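Undergrad: Dropping the sequence and predicted coords here.
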Amino acid sequence: MNRSPIIALDFNSAEKTFEFLKAFDQSVNVKVGMELYYKEGPAMIARLKEEGYSIFLDLKLHDIPNTVKSAMKVLASLEVDMINVHAAGGKAMMEAALEGLEAGTAVGVQRPALIAVTQLTSTDDRQVKEEQLISVPLRESVEQYAKLASSAQLDGVVCSVQEAKIIEEVCGKDFFKVTPGIRLAQGDVHDQKRVATPAKAKQEGSTHIVVGRAITGADNPLEAYQHVKTLWEGITS
Ligand SMILES: O=C(O)c1cc(=O)[nH]c(=O)n1[C@@H]1O[C@H](COP(=O)(O)O)[C@@H](O)[C@H]1O
């Protein structure tokens with residue numbers, strides 16, 4: 001998957017998705033999440049692949065290691081470019097996910113990059129403290145999850161832009177920092193808590209940005225995408 005912005009295809013049907021994609025060429029990266037995958041299933045992935053898109057399959061697996069391993073083995077057959085689990089499932093679960101992916105990837109096919117969600121970008125410090133009863137600041141919790149993911153040999157994490165720099169220091173430049181919660185200046189933050197602009201993401205060391213509503217909800221999605229891409233690529237790291 002190249003480093004262009006990843007468009008979150010948060011639609012409830014294949015029809016709406018392909019109607020939206022009509023404006024774009026196949027060089028854009030796309031993310032298929034729970035809504036679209038649960039509705040359309042593996043056929044959706046096959047169709048997007050056939051059309052030539054690079055795909056991040058965002059199903060955020062989180063279960064006992066054996067279940068995640070078996071699920072990843074099956075998902076590997078979809079031959080997506082990137083896939084994720086929740087780091088909160090633990091190191092053994094992340095290792096099992098990787099084993100499953102490796103076992104399910106056909107010879108000659110590149111294994112999907114495996115990344116772990118740290119603290120969701122819809123989470124803030126208050127929730128970490130009062131709901132999760134974690135006694136360290138959110139930032140340290142994200143750092144710990146990133147270390148765990150790295151020790152389990154994962155390719156990277158999903159985090160917010162606010163933690164990208166510290167993760168680069170701890171896990172290195174090549175370790176993926178995939179950052180959702182991207183908004184244009186003055187854009188509606190919706191349900192997200194830890195947000196940043198594309199330019200800030202680049203500056204802080206994000207390796208990938210995931211952008212949904214700032215593009216899909218725009219009057220002119222292609223124009224919005226190009227604007228995001230220009231801001232993201234504007235600064236060389
Ligand atoms: O794993 C993800 O992609 C993800 C992790 C996270 O912490 N926060 C987050 O927003 N996401 C996804 O990124 C997308 C963000 O969408 P927008 O808020 O519309 O840009 C959604 O599809 C979320 O499911």
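TA: Okay, I see it.

Undergrad: and Val68, how many neighbours does it have?
TA: Here the number of neighbours of Val68 (other Cβ atoms under 10 Å) works out to 26. In this view, the C-beta of every residue, glycine as well, is placed from N, C-alpha and C.

Undergrad: mean confidence for stretch 131-149?
TA: The average of the pLDDT scores along stretch 131-149 is 98.

Undergrad: chain center to that stretch: distance?
TA: 18 Å (Cα atoms, centre = their mean, to the nearest Å).

Undergrad: hey, where'd the strands end up in the protein?
TA: With DSSP state E applied, the chain shows strands at 6-8, 29-32, 54-61, 82-86, 113-117, 156-158, 176-179, 208-211, listed in chain order.

Undergrad: What sits closest to the residue of the chain found nearest the ligand if chain neighbours are left out?
TA: Among the residues of the chain, Gly212 lies closest to the ligand, at 2.5 Å counting by Cβ to the nearest ligand atom. With Cβ to Cβ, 6 or more residues apart in numbering as the criterion, Gly212 has its nearest non-adjacent residue at 3.4 Å, and that residue is Ala8.

Undergrad: repeat for Ile167
TA: Take Ile167 and drop its neighbours on the chain: the residue closest to it by Cβ to Cβ, 6+ apart is Ala146, 4.6 Å away.

Undergrad: what number of residues lie near the one you found?
TA: Counted with other Cβ under 10 Å, Ala146 comes out at 27.

Undergrad: Same list (the strands of the chain) but as CSV, adding mean pLDDT, distance to Met93 and mean neighbour count.
TA: Output for the strands of the chain, formatted as CSV (pLDDT from 0 to 100; distance: least, Cβ to Cβ, whole Å; neighbours: other Cβ atoms under 10 Å):
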stretch, mean pLDDT, distance to Met93, mean neighbour count
strand 6-8, 98, 24, 25
strand 29-32, 98, 22, 23
strand 54-61, 98, 8, 21
strand 82-86, 99, 7, 24
strand 113-117, 99, 9, 25
strand 156-158, 99, 14, 28
strand 176-179, 98, 18, 27
strand 208-211, 98, 22, 24
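
Undergrad: still on that earlier bit, what separates the residue of the chain closest to the ligand from Ala87, distance-wise?
TA: Applying Cβ to Cβ, to the nearest Å, the value for Gly212 to Ala87 is 21 Å.

Undergrad: So what would you say the end-to-end distance of stretch 19-30 is?
TA: Distance between the boundary residues of stretch 19-30 (Cα to Cα, to the nearest Å) amounts to 14 Å.

Undergrad: got it, and stretch 183-193?
TA: 11 Å.

Undergrad: quick one: average pLDDT of it?
TA: Rounded mean pLDDT across stretch 183-193 is 95.

Undergrad: Stretch 225-237 now?
TA: Mean pLDDT, stretch 225-237: 85.

Undergrad: List the buried residues in that stretch.
TA: Neighbour counts over stretch 225-237 (16 or more other Cβ atoms under 10 Å) mark Tyr225, His227, Val228, Lys229, Leu231, Trp232 as buried.

Undergrad: Just the ones of those residues in helices?
TA: Under the assignment DSSP state H, the buried residues of stretch 225-237 contribute Tyr225, His227, Val228, Lys229, Leu231, Trp232 to helices.
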